[in-house]
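**Student:** model the following, please.
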Amino acid sequence: MTTSAHSESHPQQDNAEDESLRLQQEQAVEASFQATYSAAINLFKVKQKKYQKTFDLAFLEGKITLQAVAIFSLLALLACVFITTLWILINVAIVVGAMQLYSSLWLGLLIAASVNVLLLGVFFYLMKKVKRQVGFTRTKRIVKGDI
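**Tutor:** This next block holds a predicted model:
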């Protein structure tokens with residue numbers, strides 16, 4: 001009888017162990033799901049903060065860039081005013097110097113105008129030379145297969 005009592009309690013014990021093991025696995029799956037879900041939520045929050053900070057950084061960089069452009073424009077304007085004033089003074093000095101040497105206002109004006117035309121010609125020549133260097137003409141020719 002002890003054998004039959006032992007054999008009858010053994011299947012119940014196996015069922016209890018199986019049930020316990022199944023519950024542990026379900027709890028482990030549940031815990032794993034919860035951990036994965038909370039990790040995904042945390043990752044989303046981190047990414048959201050990262051993109052918000054990146055947006056804030058881009059906004060601030062844009063603001064600084066606009067301020068830099070405004071300052072650069074003001075400085076360029078001041079440089080133009082300074083160069084124009086200097087140019088006028090040089091022209092006045094040329095006219096006054098020619099008047100002192102030759103006692104002729106018209107000759108001084110002609111010399112100043114000649115110097116201005118000569119310098120403008122040099123500037124246009126240099127701008128034309130620089131314009132040839134600007135662009136992607138060589139790259140376009142290579143893409144087309146001309147070279």
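**Student:** right, and the helix or strand after the longest helix along the chain?
**Tutor:** Counting residues, the longest helix in the chain under DSSP state H turns out to be helix 2-102. Per DSSP states H and E, the first helix or strand lying C-terminal to helix 2-102 is helix 105-133.
**Student:** relative to the whole chain's centre, how far out is that following helix?
**Tutor:** Averaging C-alpha positions (CA atoms, centre = their mean, to the nearest Å) puts helix 105-133 39 Å from its chain's average.
**Student:** that helix packs against which elements?
**Tutor:** helix 2-102 (3 or more CB pairs under 8 Å, 6 or more residues apart in numbering; DSSP states H and E). Yep, even glycine has a C-beta here, placed from its N, CA and C like the rest.
**Student:** gap between the helix it packs on and the chain center?
**Tutor:** Worked out by CA atoms, centre = their mean, helix 2-102 lies 14 Å from the chain centre.
**Student:** same check, this time on stretch 96-106
**Tutor:** Distance, centroid of stretch 96-106 to centroid of chain: 57 Å (CA atoms, centre = their mean).
**Student:** now do the contacts for Glu19.
**Tutor:** Applying CB atoms under 8 Å, 6 or more residues apart in numbering, we find Glu19 in contact with no residue.
**Student:** ok, it to Asn42 distance?
**Tutor:** 34 Å (CB to CB, to the nearest Å).
**Student:** same thing with Leu119?
**Tutor:** 68 Å.
**Student:** pLDDT below threshold where in the protein?
**Tutor:** Residues of the chain meeting the criterion pLDDT under 70: 1-13, 31, 147.
**Student:** can you give me the neighbour number for Gly108?
**Tutor:** 22 (other CB atoms under 10 Å).
**Student:** does it touch Asn91 like I think?
**Tutor:** No - with contacts counted by CB atoms under 8 Å, Gly108 stays clear of Asn91, the gap being 9.5 Å.
**Student:** three-state assignment of Cys146?
**Tutor:** Let me fix one detail, which is that residue 146 is Asp and not Cys. What DSSP: H, G, I helix; E, B strand; the rest coil gives for Asp146 is coil.
**Student:** residue contacts, it?
**Tutor:** No contacts exist for Asp146 under CB under 8 Å, 6+ apart.
**Student:** that one and Gln133: what is the separation?
**Tutor:** 19 Å.
**Student:** where does Phe136 fall, phi/psi-wise?
**Tutor:** phi -120, psi 40 (degrees, to the nearest 10).
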